[in-house]
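Novice: Below is the sequence, then the predicted model.
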Amino acid sequence: MKLHITILSTLIILILASNACPQPSASFYFSTAIPINEFRDFDNDPGYGANLEILFFSPTKRKPFAMGISFSYFGQGLYFYDDPCTDETYLSGNRANNYSSINLLFQLEPPTGKVKPYIETFFGGSYIFSNSEIYTLDYVPVNLYVDDWAWTYGVGGGIKFSIGGNDGNGSLYLDLKGRYLMSSDVELLDRESIRYANDSFYYSLNETQLNFLAVQIGVAYYFR
């Protein structure tokens, strides 16, 4: 995992150092991540979260592409533990699988216009974790933390609609986007096999690949 982080950090630093170009932009989105393909059989609950993107430079007439970095997070629900004998729900914070990602982002889009369709691709890594805590009837906390790392990559596209400012210069856009995200093999908590007994958690992990279709809505601002 440390090697993965080192490689990704080095790539980011090199790109930042070699592409100090004008007109950066920043975007913020609310996201809904829908499991698809084989991953849907593993966990079909949608995930909800947010995404921050920073483009180091924006498209120009000579180079109609942009490059930057994307930070994202979403989690798949909140669960509570029911005692199988008494059907009593313990006071708990039983969080499902959470996904925190950092990706290099490449976009191809028109340099100007009130409506700007675009396509993109991205690659990077995700830190996946699950944190479950149950307070027993004696109010003693019992905690389970499971985590893993995976390479992530994917494609996407969207449309930006101008909602304020000058075209391409201090301008603000409404951004509607869709993304298809994939990953390398990762071990995730199987929520159907987790149980609590004798003040301990018992659980199993499944190895799978992530497959999400993310639907996003947000705003994009071009600084200059």
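Specialist: Received the coordinates, thanks. Numbering: from 1, shown residues only.
Novice: Relative to E109, how far out is Y153?
Specialist: Y153 sits 20 Å away from E109, going by CB to CB, to the nearest Å. Where C-beta positions appear, they are placed from N, C-alpha and C, glycine not excepted.
Novice: More neighbours: which of those two?
Specialist: E109 (20 against 16; other CB atoms under 10 Å).
Novice: who touches the more buried one in this structure?
Specialist: For E109, the contacting residues are 59, 64-66, 116-119, 160, by CB atoms under 8 Å, 6 or more residues apart in numbering.
Novice: quick one: which two of these are the most distant?
Specialist: Greatest spatial distance in these: F65 and K160, 14.7 Å, computed using CB to CB.
Novice: So for these two, which residue has more residues nearby?
Specialist: A count of neighbours by other CB under 10 Å puts K160 above the other of F65 and K160, at 25 against 16.
Novice: looking just at contacts, which helices and strands does whatever helix or strand that one lives in meet?
Specialist: Assigned by DSSP states H and E, K160 falls within strand 141-166. Packing partners of strand 141-166 (3 or more CB pairs under 8 Å, 6 or more residues apart in numbering; DSSP states H and E): strand 98-108, strand 115-135, strand 169-189, strand 200-202, strand 205-222.
Novice: again, only this time at 6 Å
Specialist: Contacts defined by 3 or more CB pairs under 6 Å, 6 or more residues apart in numbering; DSSP states H and E place strand 141-166 against strand 115-135, strand 169-189.
Novice: per-residue confidence averaged over the first one?
Specialist: The predicted model gives strand 115-135 an average pLDDT of 88.
Novice: okay, the angle between it and strand 141-166?
Specialist: If you take axes from the mean of the first three to the mean of the last three CA atoms, to 10 degrees, strand 115-135 sits at 160 degrees to strand 141-166.
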